[in-house]
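*Asks:* with the sequence up front, the predicted model follows.
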Amino acid sequence: MSAAPARDLGRAAAAVSDPRLICPLDLPTRGDAEAMVERLGDAVSFYKIGLELLATEGMALARDLRRRGRQVFADWKLHDIGATVERATAAIAASDACDLLTVHAEPQVMAAAVKGRAGARYMKILGVTVMTSLSEHDLKEMGYGLSVEALVERRIRQAIDAGIDGVVASPHEAALARRIAGPSFLVVTPGVRPAWAAKNDQARAATPLEALQAGASHLVCGRPITAANDPRAAALQIVAEMSGA
């Protein structure tokens, strides 16, 4: 895919796409990811790059997508001692590789990320509350004594105290996040599945319309788009559903 002109590409994408829809590029190689971006064309303007691509050419792809007028969600879930998270966040901010960056929603981690970002306010930091693949039973197996909702609520409040920009939470906790944090807080919801799609490994899923009505600011929807016979048509169908909100 040609890298120019970025402004024209951005305008074309915005003409059809909904900037609240984030499509994951959970694919094994940069070539596969580029091919998916090409197939989606103007139907998607915001992409998530996760750990699979980060292990290969994810950072370079992220920078290139931004140069081409796309937005990038770097779902890298930083989680380490404070000093390491601070340095990693500073390096990512300096690379101009993403618009959104995830860290685990633990107080020390979030505070370190805010410190590492410093003045690079263009890059928003999100705290991952509870993974959408986890159920109440899973939390008990991990040793937590809180319910999913109680743990998410605690981490939302800690995210606000840390000064980050939003959280990643399932659609089932989007209303909780919106009620606690107010209208300007970002609430990014994975586990979004249209009624016509399989839930796959998402234990706490909802439709696009349900997630937006609950208070989500952005939706992450992957396999219903990327595994479809016609990914662009699937993305546009989801955009149409979102327009009802």
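*Replies:* Arrived safely, thanks for sending.

*Asks:* need the residues that contact stretch 102-121.
*Replies:* 73-90, 93-94, 101, 123, 125-129, 155-156, 158-159, 161-164, 167-168 (Cβ atoms under 8 Å, 6 or more residues apart in numbering). Heads up, the C-betas are built off the backbone N, CA and C, glycines and all.

*Asks:* again, but for stretch 221-232
*Replies:* Contacts of stretch 221-232 (Cβ under 8 Å, 6+ apart): 21-27, 36, 39-41, 43-44, 48, 192-194, 196-198, 200, 208, 234-235, 238.

*Asks:* where is the longest strand in this structure?
*Replies:* Across the chain, the longest stretch assigned as strand under DSSP state E is strand 71-78.

*Asks:* so for it, what's the average pLDDT?
*Replies:* Across strand 71-78, pLDDT averages out at 97.

*Asks:* and if you look at stretch 43-60?
*Replies:* 94.

*Asks:* about what we covered before: please flag which of the contacts of stretch 102-121 sit within helices.
*Replies:* 82-90, 93-94, 155-156, 158-159, 161-162 (DSSP state H).

*Asks:* now for Asp18, how many residues are close by?
*Replies:* Residues near Asp18, counting by other Cβ atoms under 10 Å, number 24.

*Asks:* typed the wrong thing, it's Ser217
*Replies:* The burial count for Ser217: 18, using other Cβ under 10 Å.

*Asks:* quick one: the closest residue in space to Asp161 that isn't next to it in sequence and Arg178, what's the gap?
*Replies:* Closest residue to Asp161 apart from its sequence neighbours, by Cβ to Cβ, 6 or more residues apart in numbering: Pro107 at 7.3 Å. Going from Pro107 to Arg178 by Cβ to Cβ, to the nearest Å gives 21 Å.

*Asks:* neighbour-wise, which of these two wins?
*Replies:* The neighbour comparison of Pro107 against Arg178 (other Cβ under 10 Å) goes to Arg178, with 18 against 14.

*Asks:* where does pLDDT dip in the protein?
*Replies:* For the chain, applying pLDDT under 70 flags the ranges 1-15, 197-205.
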